[in-house]
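Asker: Prediction below, plus the sequence it came from.
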Amino acid sequence: MFGYSMADIGNIVVMQGFSGLSMFTVLLLMALGLAIIFGQMGVINMAHGEFMTIGAYTTVLISKVAASYGFTDYYFVFAIAIAFLLAFAVGYFVEFIMIRHLYKRPLDTLLATWGLSLVMQQIFRSSFGAKEVSAELPEWMLGSFKPTPDIDIPINGVFVMVLAALVTFGVYMFMYKSRWGLRVRATVQNRTMAGAVGINTAKVDRVTFALGCGIAGIAGAAFTTIASTGPTTGTLYIVDSFMVVVFGGAASIVGTIASAFGIAQAQSILQFFMTSSMGKVSTLLVIVTILMMKPEGLFASKLRK
Amino acid sequence: MSTSNRRGFMKGALVGAMMAAGLISGHAFAADYPTAKVNTTGLAVTDSTVKVGILHSATGTMAISETGSIQAEKLAIEQINAMGGILGRKIEIIQEDGASDWPTFAEKAKKLLEKDKVAAVMGCWTSASRKAALPVFEKDNGLLFYPTFYEGLEQSKNVFYTGQEATQQILAGLDWIAKEKKAKTFYLIGSDYIWPRTSMKIARKHIEQHLHGTVVGEEYIALGDTQFGSVINKIKLKKPDVIYAAVVGGSNVAWFKQLNAAGLNSSKQTMLTISVTEDEVLGIGGENLAGFYSAMKYFQSQDNPENKKFVEAFKKRWGKDAVIGDVTQAAYLGPWLYKAAVERAGSFDVDKVQAALPGYTFKDAPEGPVTVEANHHLTTKLRIGQWGKDGQAKVVYTSDYIKPDPFPKGYQ
């Protein structure tokens, strides 16, 4: 078949399947934080990418410290935890001084967070330099896992996959099984009523926003294994993140998952059979068409209008 | 002939004689070159100073790349000033920020030329920024020293190109890899904009017509794309002898990281890239690059004395961790070439400086002697470097001198 042996084709199908899954988890991790903020609070956070960059720089710095103390093998776990905490803290602060004054003006949040993203980019540039840096990865994370001599499964891809699964599970537990989640959902469904029954909605907003930012931090930390870290790294991810969230239906985490899966598989398969750019263009065309028919996204939340 | 004219003539002859004396002794004093004589077009040249502009992106996406150029140009200017300046005049730098935004480059170029009246500008990095600023330089008859290796297809009397044009960087490198690795099949991959596309067009023609090889795949990645899984699988299926790559920016890092993670490291796959210098290695990480090749005219590891001196001075000025890539070195040439041109012309007037530079050989260039050609590009050598884990390249091949050919026949 086309001059390739059956074994070749089989191997490629396996690796291509994995690369589709891997892209799915990357998109999912990118979009989860945004889905929480945009979906639950209706805030369009244009600085989402920069919160990822916070996570990425945290990882790079910790990797440098780790390298000088010789515990390079394990630092990644700490890096992710600290990336989360740091992005969470910054998010908490940003909500307090900026976002909470703009809840009734969604378009102004768009502008304000975009401005925030520019400010953050310049802060990164001034403090870490304009050049791109890379984290020193633990030895075990480099290279590939080989079930057979001709199949390579990238270990960093597996790592991102596991992490995405854990984070998604965590978010699910938080939103649907914890008291906090209950309050968040109550606030989303009916803010006034939630306030009336004694939920501190301002606090709920702040924690929700910070949580979304924290998850962005985790994503940023994870992406140091597959891509670069520079002041403008965030801009590489922001468009894809929004695409996933909007396509999935803003208020639904299941929608985000389904949308990340669909986009990743479509793009991955199309890019294999067409050129890379054409694959991307075709995927976007499909998304635009579907959004024209279903403007609310794949899984619109059923709210009484 | 009236008296005043004769006096003018005598003065001119005197200046000429003094100029010759000055050049021989290696020192020039401003008094030997009265400002009224060396500056007839109203540039910002006084008895003791000359203003030169630096126009790069210090902010925005391109700051990653352009910072090195700014540093190199400042270093060269400081060194020139320490030697007494140009025709006895100290260089004053006026730095403007192009902010990674092409119209801003044009606007700032206009400001530098029309308001500050700078005698020359060191600047621009991307082709887009150069194309945006070019009409301003041509209209105001300014002088631009442009450091980046680029796609060619341009020649302006107002620009000196201190980096390589595409054929200088591509042809000799492909010849080398075809011979050295007995490569027959090539996979071309680049970012999706003018430089990689023009470069790949030239590469494909050369591979097919001169090397009698086959291009088994040609792929362009959207700028900023970080997902290479499908592309890498395609490469695995096609099994090319050589991957020829021109991926830039954030994508570049992702490309190398994912290539390695997918098991395609240098022990299994030969790759020649034209878009990785020491600057990019910082982001990509030496371990992801080890064993792959870059085709450039300059590598920091070159061990000629001029380069050792340059690297030492650069690190002393900008920190011991500073690295020097191809473009940074090319940017360093700009001020030195300008100094030589003014001294050859005995004048700061742009037309005279332009006419004086072609034919000049800069012997002390860190990369080794370079000659300015009539088409305003440099005759240089091409080097192939093999990357090591430490982020430095070992030069494994140096070509003969290659004349610049910005409009290559048979490659368009």
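Answerer: Happy to help now that I have it. Numbers count the residues shown, from 1 in each chain, chains lettered A, B, ... in the order given.

Asker: Kindly report the residues of the stretch 51-200 of chain A close to chain B.
Answerer: A:122, A:125, A:129-134, A:136-137, A:142-144, A:146, A:152, A:154-157 (Cβ under 8 Å from any Cβ of the partner chain). In short, each C-beta sits where N, CA and C put it, glycine included.

Asker: Please indicate which of those residues are buried?
Answerer: Buried subset of these (neighbour count, 16 or more other Cβ atoms under 10 Å in any protein chain shown): A:125, A:129-134, A:136-137, A:142-144, A:152, A:154-157.

Asker: Filter those down to just the ones in strands.
Answerer: A:Ser144, A:Pro154 (DSSP state E).

Asker: Identify the residue nearest the residue in the stretch 1-150 of chain B that chain A sits nearest to in space, chain neighbours excluded?
Answerer: In the stretch 1-150 of chain B, the residue that lies nearest chain A is B:Ala63 (3.6 Å; Cβ to the nearest Cβ). Spatially, and ignoring its direct neighbours in sequence, B:Ala63 is nearest to A:Ala130 (3.6 Å; Cβ to Cβ, 6 or more residues apart in numbering or on different chains).

Asker: State the number of residues packed around residue 105.
Answerer: This is for chain A. 11 (other Cβ atoms under 10 Å in any protein chain shown).

Asker: that answer is for a different chain, and I need it for chain B
Answerer: The burial count for B:Phe105: 29, using other Cβ under 10 Å.

Asker: Could you list the low-pLDDT ranges of chain B?
Answerer: Along chain B, the model assigns pLDDT under 70 to residues B:1-28.

Asker: switch the cut-off to 80
Answerer: By pLDDT under 80, the weakly predicted segments of chain B are B:1-31, B:59-65, B:223-224, B:249-250, B:283, B:412.

Asker: residues in the stretch 201-305 of chain A within reach of chain B, list them.
Answerer: Applying Cβ under 8 Å from any Cβ, we find that the stretch 201-305 of chain A lies next to chain B at A:223, A:225-233, A:235-237, A:267-269, A:271-272, A:275-277, A:279-280.

Asker: What subset of these is buried?
Answerer: Taking 16+ other Cβ under 10 Å as the criterion, what is buried in those is A:223, A:225-233, A:235-237, A:267-269, A:271-272, A:275-276, A:279-280.

Asker: that's a strand at A:Ser241, yeah?
Answerer: No: going by DSSP: H, G, I helix; E, B strand; the rest coil, the assignment for A:Ser241 is helix, not a strand.

Asker: Please name the residues that touch it.
Answerer: Contacts for A:Ser241 (Cβ atoms under 8 Å, 6 or more residues apart in numbering or on different chains) come out as A:Leu27, A:Met30, A:Ala31, A:Leu34, A:His48, A:Gly49.

Asker: If we ignore the residues flanking it in sequence, what's nearest the fifth one?
Answerer: If I follow you right, that is A:His48. In space, A:His48 is closest to A:Leu34, 5.0 Å off (Cβ to Cβ, 6+ apart).

Asker: before we move on, what SS does that neighbour have?
Answerer: Assignment for A:Leu34 (three-state DSSP): helix.
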